[in-house]
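1. Structure for the following, please:
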Amino acid sequence: RPHDINIAALIPHSALRVYVMGERAINREPATPEDIEKMAALSEEAMEAGAIGFGTSRAVQHKSVSGEPIPTVRANEDELAAIVEKVQGRGGYFQVLSDFDEFQDMEGEFNMLTRVSNSGTMSFTLQQKHSAPDDWRTILNLAEAANDAGLTVKPQVLPRPTGVLLSHELTATPLDSSPTYQTLKAGSFEALIEALKDVYTKAKILSELSDNPIIKLSHVFELGTEVNYEPEQELNVVSKAESLGRDPADYVYDLMLQDGGRRVLFSPFQNYADFSLNPSYEMLTHRDTIVGLGDGGAHLGLICDASYPTTLLSYWSRDRVRGPTLALTDVIKKMTSETANLAGLHDRGRLAVGYRADINIIDHANLMMELPTPIFDLPAGGRRIVQGAQGYVATLVSGVVTQKACVPTGALPGCLIRGVQSAPALQ
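-> Numbering: from 1, shown residues only. Just a heads-up that it's a prediction; the model follows:
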């Protein structure tokens with residue numbers, strides 16, 4: 001099936017584990033030798049079919065719809081090693097998300113993962129946890145030491161806070177702990193907004209609120225007409241409410257009814273512990289890191305991090321005033337050749353003879369992001385968040401123009417990339 005962009009795939013560990021182990025995987029039981037042998041064989045088959053690597057999660061924040069941890073969080077080293085050996089034997093790479101300190105000490109978890117990866121390429125998620133705001137430096141130092149020892153370890157970092165978008169039209173709001181609100185939200189959006197305007201309903205909802213472990217009002221901000229992912233501390237809703245002599249929850253309640261009940265708030269919970277992106281700057285400029293983490297197809301009612309390339313291009317190389325910036329040439333390299341090389345796609349990421357002609361033509365001076373907006377175009381009216389941009393003059397895939405001024409042309413030259421790709425052999 002044709003697409004407007006090229007697509008590549010990693011082998012998903014959860015799906016693989018459940019396919020082989022069934023209910024035992026869902027219950028997070030250890031894999032037997034027979035299970036491991038079967039998962040390894042299927043991984044080799046998947047690489048032959050065109051996967052470019054293997055991805056797993058060892059993060060407790062990843063849960064099923066029932067609230068249970070996903071099947072992979074406690075997978076043992078022998079299971080991971082057997083799968084990764086087959087993947088790397090076909091040139092693929094190993095990608096992992098780990099809490100690092102959940103099941104053992106950080107160094108123990110890191111050393112286990114490097115043993116699994118062995119001489120191949122491993123990339124893992126690195127972010128600043130608000131609960132332990134300096135732990136990322138320890139992990140980055142471990143990666144640096146591993147690379148100095150001859151391994152290939154690439155911490156993957158995001159150029160802005162990780163956070164959730166909050167709105168009555170989206171999955172989460174600061175009002176979710178209220179049973180009254182949950183009952184109203186189960187109905188239509190229009191009925192919800194009308195009910196929330198009632199002063200007695202407001203009083204009842206506010207009286208039912210309890211603390212949310214993820215959404216802290218001290219870290220909730222309005223996105224505003226100009227999207228800002230590095231807002232000053234005094235712009236959080238608690239500070240703004242207190243400046244008006246109001247209760248923060250009461251202030252947020254009224255704020256979210258603006259724009260016809262469609263006002264969107266942003267609640268960062270990683271990379272923003274001290275209300276600054278300076279830790280992100282340290283991560284972005286480290287010799288061993290790679291840029292990534294854009295959730296474009298997951299958490300469709302909560303997150304729209306797939307727009308981070310525009311953040312890098314506009315904010316980090318042009319607009320930032322609260323700290324150091326990045327050179328535009330470095331930003332471009334981070335999102336082209338460096339990421340292509342990590343994924344084993346050595347035939348793209350450069351403007352050179354023989355390479356894939358996948359090109360963006362950008363009006364850098366006028367590049368900007370638009371507000372995240374929910375649309376309902378998935379099957380059965382399902383919701384997802386999109387975030388438009390201005391300033392992309394044209395996009396070419398394999399030399400074919402697929403977008404002009406951010407509007408699709410209808411051309412579909414994209415395809416499924418099957419396996420790692422070699423650099424062009426130039427004469």
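2. shaky segments in the chain?
-> Of all residues in the chain, those with pLDDT under 70 make up the ranges 102-104, 213-214, 295-298, 427.
3. Determine the longest strand present in it.
-> Among the elements of type strand in the chain, defined by DSSP state E, the one spanning the most residues is strand 368-378.
4. Check which helices and strands it is in contact with.
-> With contacts defined as 3 or more C-beta pairs under 8 Å, 6 or more residues apart in numbering; DSSP states H and E, strand 368-378 has these neighbours: strand 382-390. In this view, the C-beta of every residue, glycine as well, is placed from N, C-alpha and C.
5. Relative to residue 151, how far out is the nearest residue to residue 88 once chain neighbours are set aside?
-> Closest residue to residue 88 apart from its sequence neighbours, by C-beta to C-beta, 6 or more residues apart in numbering: residue 120 at 3.6 Å. Noted for residue 120: a distance of 9 Å to residue 151, by C-beta to C-beta, to the nearest Å.
6. again, but for residue 219
-> As judged by C-beta to C-beta, residue 219 and residue 151 stand 35 Å apart.
7. the more surrounded of those two?
-> When residue 219 and residue 151 are compared on other C-beta atoms under 10 Å, the one with more neighbours turns out to be residue 219, at 22 against 16.
8. Regarding that one, what are the backbone dihedral angles?
-> phi -120, psi 40 (degrees, to the nearest 10).
9. if we can go back for a sec, what's near enough to touch the residue nearest to residue 88?
-> Taking C-beta atoms under 8 Å, 6 or more residues apart in numbering, we find residue 120 in contact with 84, 87, 88, 92, 93, 94, 152.
10. just curious, which of those residues is nearest to residue 404?
-> The closest of these to residue 404 turns out to be residue 93 (C-beta to C-beta; 34.2 Å).
11. Burial check on that closest one, number of neighbours?
-> The local packing of residue 93 (other C-beta under 10 Å) involves 23 other residues.
12. and residue 96, that's in a strand?
-> Yes: the assignment for residue 96, made by DSSP: H, G, I helix; E, B strand; the rest coil, places it in a strand.
13. Going by neighbour count, which residues of stretch 330-349 are buried?
-> If you call a residue buried by 16 or more other C-beta atoms under 10 Å, then stretch 330-349 has these buried ones: 331-332, 334-349.
14. what about that stretch, how long is it end to end?
-> From its first residue to its last, stretch 330-349 covers 13 Å (C-alpha to C-alpha, to the nearest Å).
15. rewinding a little: got a markdown table for the contacts of residue 120, with distance to residue 385 and secondary structure too?
-> Converted to a markdown table, these look like this (distance: C-beta to C-beta, whole Å; DSSP: H, G, I helix; E, B strand; the rest coil):
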| residue | distance to residue 385 | secondary structure |
| --- | --- | --- |
| 84 | 33 | helix |
| 87 | 32 | helix |
| 88 | 35 | helix |
| 92 | 30 | coil |
| 93 | 29 | strand |
| 94 | 29 | strand |
| 152 | 34 | strand |
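16. Reformat those as a markdown table; add distance to residue 49.
-> Listed next are these as a markdown table, based on distance: C-beta to C-beta, whole Å:
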| residue | distance to residue 49 |
| --- | --- |
| 84 | 17 |
| 87 | 12 |
| 88 | 16 |
| 92 | 12 |
| 93 | 17 |
| 94 | 18 |
| 152 | 24 |
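17. which pair in those residues spans the largest distance?
-> Once C-beta to C-beta is applied, those give 87 and 152 as the farthest pair, at 14.0 Å.
18. And those two? Which one has more around it.
-> Residue environment comparison for residue 87 versus residue 152 gives the larger neighbour count to residue 87, 25 against 17, counting by other C-beta under 10 Å.
19. Regarding the nearest residue to the more buried one once chain neighbours are set aside, what is its secondary structure?
-> Spatially, and ignoring its direct neighbours in sequence, residue 87 is nearest to residue 54 (4.4 Å; C-beta to C-beta, 6+ apart). Secondary structure assignment for residue 54 (three-state DSSP): strand.
20. Could you pull up the residues touching residue 54?
-> With contacts defined as C-beta under 8 Å, 6+ apart, the neighbours of residue 54 are 10, 11, 13, 43, 83, 84, 87, 92, 93, 94, 95.
21. Next secondary structure element downstream of whichever strand or helix holds residue 115?
-> Here residue 115 sits within helix 106-117, counting by DSSP states H and E. Heading C-terminal from helix 106-117, the first helix or strand you meet, by DSSP H and E, is strand 121-125.
22. Which secondary structure elements does that next one sit against?
-> Contact analysis of strand 121-125 by 3+ C-beta pairs under 8 Å, 6+ apart lists strand 93-98, helix 106-117, strand 152-157 as its packing neighbours.
23. could I get the ones you listed as CSV with distance to residue 19?
-> Below are the helices and strands packed on strand 121-125 laid out as CSV (distance: least, C-beta to C-beta, whole Å):
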stretch, distance to residue 19
strand 93-98, 19
helix 106-117, 21
strand 152-157, 26
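24. from those, which stretch is densest packed?
-> Most buried of the helices and strands packed on strand 121-125 by mean neighbour count (mean count of other C-beta atoms under 10 Å) is strand 93-98; its value is a mean of 23.
25. Identify the residues contacting that strand?
-> Outside strand 93-98, the residues that touch it by C-beta under 8 Å, 6+ apart are 10, 52-59, 62, 84, 87-88, 109, 113, 116-117, 120-125, 156, 342-344.
26. Let me see the ranges of the helices in the stretch 151-300 of the chain.
-> With DSSP state H, counting those that start in this stretch applied, the stretch 151-300 of the chain shows helices at 179-185, 189-196, 199-208, 237-243, 248-255, 258-261, 278-284, listed in chain order.
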